[in-house]
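**Student:** Structure here, sequence nowhere to be found:
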């Protein structure tokens, strides 16, 4: 767990910047590269779609924390939504816009929380560790970076 809510603004800035980072990485890439699947891994479009697919989970978990839930909602660890969404058939511009809109909802919620809400904890269902809002925000930022690194790996 992160100890200091004083660094939350920096984490929020990181989260807010993810859509722009994705857009910069993918600017002017040809469609065949955007949909390339190597070694059974997701394509660039699927990586972007996955980021968007999880936004409702992040927002839901934020609401769980704000509302004092004892445990955060669970996720589908098989990522079925991403596997069945056919993100490769969606225009890159659409994927980027959807992700930007969804992420802004999450960021907007984070920016209006008070100190009492920031101190709420709930058990992470898989990790079985208590998390606060700052921990959730950091978790999401790390998840973002993992998938950005996956995109960059495809480009290598």
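**Tutor:** Nice, I can see it. This one's a predicted model, so the numbers in the text were calculated from it and none came from an experiment.
**Student:** and the longest helix belonging to the chain, which residues are buried?
**Tutor:** If you go by DSSP state H, the chain has its longest helix at helix 133-155. Neighbour counts over helix 133-155 (16 or more other CB atoms under 10 Å) mark 133-141, 144, 147-148, 151, 154 as buried. The C-beta positions use only the backbone N, C-alpha and C, and glycine is treated the same way.
**Student:** Pipe those into CSV and attach pLDDT per row.
**Tutor:** Formatted as CSV, the buried residues of helix 133-155 follow (pLDDT from 0 to 100):
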residue, pLDDT
133, 96
134, 95
135, 95
136, 97
137, 97
138, 96
139, 96
140, 98
141, 98
144, 98
147, 98
148, 98
151, 97
154, 95
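**Student:** Okay, now the unreliable bits of this structure?
**Tutor:** Residue ranges of the chain with pLDDT under 70: 1-5.
**Student:** which stretches of it form helices?
**Tutor:** Under DSSP H, the chain gives helices at 8-26, 31-34, 44-53, 55-66, 80-84, 92-111, 115-119, 133-155.
**Student:** Reformat those as JSON lines; add distance to residue 127.
**Tutor:** Below are those laid out as JSON lines (distance: least, CB to CB, whole Å):
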{"stretch": "helix 8-26", "distance to residue 127": "18"}
{"stretch": "helix 31-34", "distance to residue 127": "33"}
{"stretch": "helix 44-53", "distance to residue 127": "20"}
{"stretch": "helix 55-66", "distance to residue 127": "12"}
{"stretch": "helix 80-84", "distance to residue 127": "21"}
{"stretch": "helix 92-111", "distance to residue 127": "20"}
{"stretch": "helix 115-119", "distance to residue 127": "19"}
{"stretch": "helix 133-155", "distance to residue 127": "9"}
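**Student:** winner for burial among these?
**Tutor:** Ranked by mean neighbour count, these are led by helix 44-53 with a mean of 25 (mean count of other CB atoms under 10 Å).
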